[in-house]
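Asker: Got a sequence here, can you build the structure:
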Amino acid sequence: MLSHNPNTANSSVSGTNWFTLIEDESIPLNAKHWELEHFIPVARADWRLLITEYAVKGGQDHDTFEEFCALVDTLMHMLEYHDNASTSENYAHVDPDKLGDRITKSTASSDADAQCKLVQKQLDGIMLRGNYQKLDRQALLLALSESSEFGMPMKSDFAVFKRISVYVRGKIFGTQTRRRLRNFYRKEEVSVPLFQRLVICFQLTEDAADGDDHRSDCLYIKSFKNIPQHDIDMLLPGTSVKMSLLDQGKIALPTLSGLAMLTFRIVAVASLGLFAFIGLLFTTSGYAVKSIFGYIRTKDRYQHNLTKNLYYQNLGNNAGVLQQLQNEAEIQDIQECLLAYSILLIQFPDGATIGQLDKAAEAFIQDIVGFPVNFEVDDALRKLAKLKLLIVENKRLYKAVSLTDAQSILQEGFMHRFLAYNRD
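Answerer: Take a look at the predicted model:
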């Protein structure tokens, strides 16, 4: 696995085998992207500062625009609160970490399956808003078809899942420094495609569940960072370590040679008597014992490496992940709204087509982050229309309401929601 320390450029790891030595793995500060991104990779507070600065340069009042940003932030949060609360409440019934089982009866299997299906559908919506991409079965099988050079070979079994979804975001290249025998152990740097964020959601079958540790009536949600594209299988349940030919040889060869030597000596000293035979048997049987312990040590080493990688790459589990994803989706919604509104207000006061807005928004993001991003323009326009900050002209031109009118509309919307809460 790649590890990244923000204070250092690299972090050391040990070599993987005799033929390839992995000296270090790192994520460059300005890592290149191997596929077009679909999210705005800027922190919430930083984005508001950037948008406000852009609006002020376009002639808007600083304090007035900051108040507008705060109103958008607050109202969007209020509008999405009920959907988020509904998802969280539904997930509470199938959360593997829930405490309610101690005081309530367990959910029936059929009800749990229906609840898991509902939550996964709601999660699909959250991930779409958060601009994650869901891997279809073909893409997932492609990612599982091989391991990266520094990953461990694994065997995956999809029969253990009733349902499984994998979502990814942030497709960048990490770097790996290695020395290989075929290159006379000279240093080489190679690029490794990885996912900055990866989320797995799954439900196990009854046969695969093992009681207290894993249950079939629960939906598991796990989040990871900096996962190589071809090492997703290391994160899935129902996988087992597949030993390399080198490790298999280290186990098998001593055993076979010991048995061959034992057979030869039995034949050679059969005439020496019972005690000599027993002594020889104890001596040569040490080969078999040594092989068994060698197998155990090798298996433990693989398991230790797997556990270590998962410990450092894991970001959260279950309800904690769900809350984080809801927050990420809300941030993306707000950032898209602020960007689309600001560009319409500053660059296109007389209105813009979808194509013009999309091109201008993507140019703005690329100028900030330094790489191209596919701006979800249709989604942004739908959100602005929902907030009533958009005017649609007859010629299919989209125009932003004035900043003063926008403030009044948002304040009215805020009061409407607030009064609705009081009535509830």
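Asker: Which strand or helix spans residue 355?
Answerer: helix 354-369 (DSSP states H and E).
Asker: Give the other helices and strands that the next helix or strand after that helix contacts.
Answerer: Remark: after helix 354-369, the chain's next helix or strand is helix 377-386, criterion DSSP H and E. Where contact means 3 or more Cβ pairs under 8 Å, 6 or more residues apart in numbering; DSSP states H and E, helix 377-386 is packed against helix 319-346, helix 354-369, strand 390-392. Just so you know, the C-beta spots here come from the backbone N, C-alpha and C atoms, and that holds for glycine as well.
Asker: 10 Å - rerun?
Answerer: Using 3 or more Cβ pairs under 10 Å, 6 or more residues apart in numbering; DSSP states H and E, the elements in contact with helix 377-386 are helix 62-92, helix 109-129, helix 319-346, helix 354-369, strand 390-392, strand 398-400.
Asker: for the first one, which positions count as buried?
Answerer: Spelled out, it's helix 62-92. Using 16 or more other Cβ atoms under 10 Å as the test for burial, helix 62-92 gives 65-66, 68-69, 71-73, 75-76, 78-80, 84, 87-88, 90-92.
Asker: try stretch 401-420
Answerer: Buried residues in stretch 401-420, counted by 16+ other Cβ under 10 Å: 401, 403, 406-407, 409-410, 413.
Asker: From the contact counts, what lies against the longest strand belonging to the chain?
Answerer: For the chain, the longest strand by residue count, based on DSSP state E, is strand 161-180. Judged by 3+ Cβ pairs under 10 Å, 6+ apart, strand 161-180 is in contact with strand 20-26, helix 109-129, strand 133-134, helix 137-144, strand 187-204, strand 220-228.
Asker: leaving aside the residues next to it on the chain, what's closest to residue 97?
Answerer: residue 318 (5.2 Å; Cβ to Cβ, 6 or more residues apart in numbering).
Asker: For the helix holding residue 355, buried residues please.
Answerer: So helix 354-369, judged by 16+ other Cβ under 10 Å, has buried residues 356-358, 360-362, 364-365, 368.
Asker: same check, this time on stretch 376-384
Answerer: By neighbour count on 16+ other Cβ under 10 Å, the buried set for stretch 376-384 is 376-377, 379-381, 383-384.
Asker: Which secondary structure element of the chain has the lowest mean pLDDT?
Answerer: Of all helical and strand segments in the chain, the minimum by mean pLDDT, DSSP states H and E falls on strand 11-12, at a mean of 32.
Asker: Residue ranges in the stretch 101-250 of the chain under the pLDDT threshold?
Answerer: Within the stretch 101-250 of the chain, the segments meeting pLDDT under 70 span 101-109, 145-156, 211-212, 238, 240-250.
Asker: 90 instead, please
Answerer: 101-111, 136-160, 174-192, 206-216, 226-250 (pLDDT under 90).
Asker: Show me which of the buried residues of helix 354-369 is closest to residue 219.
Answerer: Taking Cβ to Cβ as the measure, residue 219 lies nearest residue 365 of the buried residues of helix 354-369, at 33.8 Å.
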